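Visitor: The sequence and its predicted three-dimensional model are supplied below.
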Amino acid sequence: MSTGKTSATSAPAIRYAAVTFDCPDPAELARFYGDALGLPVVHSTDDFVLLGQEGSAGLGFNRLTDYRRPTWPDPSQEKQAHIELGVDDLDTAQAWLLTLGAVEPAVQPHPDRWRVLLDPAGHPFCITTLV
């Protein structure tokens with residue numbers, strides 16, 4: 001993609017580093033995703049936790065004092081973003097994620113292809129079978 005600028009310098013190396021979710025309790029949400037994805041904590045403060053592996057992109061959780069849970073599928077408090085997780089078996093993965101603290105919403109747009117779940121802070125996320 002060109003910016004229209006001409007320059008003798010080359011573009012800097014830019015890498016995807018992490019996605020960070022706002023939430024009321026970073027430690028709780030990090031525990032959920034750490035258990036679900038098998039990721040260790042690589043950095044932690046009272047207000048921020050980062051999960052990851054050396055050399056790989058991470059997943060962060062940031063305390064937001066006035067955090068409001070998404071109300072998906074009701075648009076009154078939009079989801080803003082969600083994560084997609086690939087799984088081998090939808091039923092098995094869903095059952096396990098529910099034991100970790102996920103919640104199954106009433107709406108399932110295409111349950112034979114993917115399932116929507118809510119993490120402990122209310123963020124919708126999807127599980128889908130790997131092809």
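Guide: Okay, I see it.
Visitor: Span of stretch 53-72 from start to end?
Guide: End-to-end distance for stretch 53-72: 30 Å, by C-alpha to C-alpha, to the nearest Å.
Visitor: swap that for stretch 52-63, please
Guide: Termini of stretch 52-63 sit 18 Å apart (C-alpha to C-alpha).
Visitor: Contacts for that stretch next, please.
Guide: Applying C-beta atoms under 8 Å, 6 or more residues apart in numbering, the contact partners of stretch 52-63 are 15-27, 29-30, 33, 37, 39-40, 42, 46-51, 83. Quick note: C-beta positions are derived from backbone N, CA and C, even for glycine.
Visitor: Give me the buried stretch members for that stretch, please.
Guide: 52, 58-63 (16 or more other C-beta atoms under 10 Å).
Visitor: Contact partners for Ala81?
Guide: Residues near Ala81 by C-beta under 8 Å, 6+ apart: 19, 21, 123.
Visitor: Against Glu54, how distant is it?
Guide: Plainly put, Ala81 is 25 Å away from Glu54 if you go by C-beta to C-beta, to the nearest Å.
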